[in-house]
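> I'd like to go over a predicted model; first the sequence, then the structure.
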Amino acid sequence: MKIGISCHATAGGSGILATELGIALAQRGHEVHFVTEEPLFRLQGFQERLYCHHADKISYPVFTTPPYTFSLASKIAEIVDEYGVDIWHTHYAVPYATCALIARDMLTARKNFKVIATLHGTDITLVGSDPSFFRVTKHTMEHSDAVTAVSRWLAKETIETFQIRREIKTIYNFFNEERFSKNCGGKPELAAPHEKVIMHISNFRPVKRVTDVLRVFKKVLERVPSRLIMVGEGPERVSAVAVSRQLGIWEHVRYLGIHKNIECLLPCADLVIQPSEHESFGLVPLEAMVCGVPVIATASGGVCEVVEHGETGYLCPVGDIDAMAACAIEVLTNPTKAEQMGKKGKERAYRLFSRDNIVCQYEELYSEVLRS
Ligand code: GMT
């Protein structure tokens with residue numbers, strides 16, 4: 001098949017998933033065309049059958065905000081025409097599936113060109129915070145040839161929020177086994193030998209509740225010699241740094257910034273903490289489980305379908321610092337428990353979220369949509 005993909009190119013989970021999907025599809029013999037704003041964060045080196053195109057960013061004095069989405073729609077139509085692409089798979093309804101629908105409308109001669117929208121979460125939260133997106137999101141989902149969501153929770157929320165009558169198929173996210181089995185050339189020294197390593201990885205958006213990580217860590221530090229490794233960048237970083245100083249834990253926290261090779265950092269962690277307001281899926285908890293690292297997340301959203309409470313980590317109430325700290329201390333002071341959780345996490349990740357298993361589900365969907 002010839003498959004086009006549009007997604008955010010930045011370090012977020014949806015862009016990472018879309019990139020890994022494109023790589024996997026190309027490895028399985030499909031021709032894959034990405035159209036993105038910037039080079040893809042997770043793409044390294046040359047990959048046979050994989051093409052990266054960029055839509056132009058126009059700047060003109062009368063445009064207060066450059067209408068990037070229209071150049072994206074034009075670029076999609078151009079690539080579909082030039083290469084004979086069969087399917088455009090977008091990650092997020094707005095703006096990417098909306099742009100692909102405009103391209104589909106323009107491509108009147110290509111009767112069998114199909115658009116698939118995968119929802120990652122912001123489609124819902126964006127509407128929650130800005131109702132002006134409601135109609136365009138609903139229209140896009142209703143007119144795409146298929147819609148998928150990355151968790152059952154997200155599919156249900158979407159159907160309820162938008163009163164959608166069509167099927168939204170759940171296809172879970174996956175991890176790239178090859179990436180997580182590569183040799184990183186030794187472990188980086190993130191802490192002193194007697195210290196446990198607690199890690200948090202995110203884009204530091206308010207939904208990630210990064211300051212909760214610091215409050216939990218302060219309580220853990222009172223009981224367990226440890227170091228907190230914060231990976232990522234984003235708007236809440238400034239408050240996170242301020243809170244680490246206020247809490248007097250600054251010298252026990254390291255802010256590493258954005259890292260491409262998360263597979264080389266995660267295995268150094270004894271515990272990963274992701275105390276988000278909600279997560280539609282939780283790619284970081286999944287990648288931690290792949291590395292055999294127990295996870296503390298919040299019982300909110302699709303992450304409950306990834307982390308198994310009491311087995312591969314703990315799911316605590318949002319904002320419950322005491323509960324998260326108690327679970328963290330239990331994991332860090334009980335090596336047998338930590339090892340068992342890590343083992344079960346790895347086993348669950350490989351059983352439910354392996355690349356071949358999930359990519360096959362997308363391939364089946366593409367074939368089904370092309371037949372319809
Ligand atoms: O979490 C973010 O802020 C990034 C966002 C994205 O668009 O990359 O992540 C969303 O999609 C990921 C991939 O499907 C999911 O693993 C994340 O749970 C989801 N984020 C939220 O729901 C907050």
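Done, it's in.
> In the chain, what residue spans correspond to helices?
13-27, 68-83, 98-106, 122-129, 134-143, 152-162, 177-180, 210-223, 237-246, 262-265, 283-290, 321-333, 335-352, 355-371 (DSSP state H).
> Tell me how far the second one lies from the chain's centre.
Centroid separation for helix 68-83 versus its chain: 25 Å, with CA atoms, centre = their mean, to the nearest Å.
> now the third one
Distance, stretch centre to chain centre, for helix 98-106: 25 Å (CA atoms, centre = their mean).
> list the buried ones in that helix?
If you call a residue buried by 16 or more other CB atoms under 10 Å, then helix 98-106 has these buried ones: 98, 99, 100, 101, 102, 103, 104, 106. Where you see a C-beta, it was placed from the backbone N, CA and C, and this is true even at glycine.
> For the protein, what lies in contact range of the ligand?
Proximity of the chain to the ligand, by CB under 6 Å from any ligand atom, involves residues 12-15, 17, 120-122, 150, 173, 203, 205, 207, 279-283.
> which stretches of the chain have low pLDDT?
128-129 (pLDDT under 70).
> sorry, back to before: quickly compare the helices of the chain and say which is most buried.
Mean neighbour count, computed with mean count of other CB atoms under 10 Å, is highest for helix 283-290 among the helices of the chain, reaching a mean of 27.
> helices or strands next to that helix in the packing?
Using 3 or more CB pairs under 8 Å, 6 or more residues apart in numbering; DSSP states H and E as the contact test, the elements touching helix 283-290 are helix 13-27, strand 271-274, strand 295-298, helix 335-352.
> For the nearest residue in space to residue 159 that is not next to it in sequence, give me the backbone phi and psi.
The shortest distance from residue 159 to any non-neighbouring residue, by CB to CB, 6 or more residues apart in numbering, is to residue 168 (6.1 Å). When read as degrees, to the nearest 10, the backbone of residue 168 gives phi -120, psi 110.
> Equivalent analysis for the one 3 residues further on, please.
As for residue 171, its main-chain torsions (degrees, to the nearest 10) stand at phi -130, psi 110.
> so how far is residue 36 from it?
21 Å (CB to CB, to the nearest Å).
> just residue 236 next, same as before
Taken as CB to CB, the span from residue 236 to residue 36 is 25 Å.
> When these two are compared, which one has more neighbours?
Applying other CB atoms under 10 Å to residue 236 and residue 36 shows that residue 36 carries more neighbours, namely 24 against 20.
> Contact partners for the more buried one?
Listed by CB atoms under 8 Å, 6 or more residues apart in numbering, the contact partners of residue 36 are 6, 7, 8, 9, 52, 53, 54, 55.
> Off-centre distance for stretch 117-130?
Per CA atoms, centre = their mean, the displacement of stretch 117-130 from the mean C-alpha position of its chain is 13 Å.
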